[in-house]
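# Need coordinates for the following:
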Amino acid sequence: MMTRSGRTTMHRPGRDYTAVALIGVGLTVLVLALLLVGMP
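Down below sits the predicted model:
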């Protein structure tokens with residue numbers, strides 16, 4: 001939502017927050033996929 005190339009992250013560290021959010025979402029999706037596949 002707040003990812004704009006024109007605006008540099010000088011006031012707040014939005015880059016780190018976005019990276020952490022992406023990693024968290026990726027891990028959650030992987031875990032959910034593994035659980036769904038593991039369930040018979």
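# where are the low-confidence patches of this protein?
Within the chain, the segments meeting pLDDT under 70 span 1-14.
# Break down it into its helices, ranges please.
14-38 (DSSP state H).
# so how far is residue 16 from residue 35?
28 Å (Cβ to Cβ, to the nearest Å). From N, CA and C alone the C-beta is placed, and that goes for glycine too.
# Phi, psi for residue 39 please.
The phi/psi pair for residue 39 (degrees, to the nearest 10) reads phi -80, psi 130.
# Could you count how many residues lie near residue 18?
14 (other Cβ atoms under 10 Å).
# Apologies, that question was intended for residue 32.
Residue 32 - counted by other Cβ under 10 Å - has 10 other residues nearby.
# quick one, what contacts it?
By Cβ atoms under 8 Å, 6 or more residues apart in numbering, residue 32 lies in contact with nothing.
# what's the spacing between it and residue 15?
For residue 32, the distance to residue 15 (Cβ to Cβ) stands at 26 Å.
# One more: residue 21?
Distance from residue 21 to residue 15, by Cβ to Cβ: 11 Å.
# Then residue 22?
Going from residue 22 to residue 15 by Cβ to Cβ gives 11 Å.
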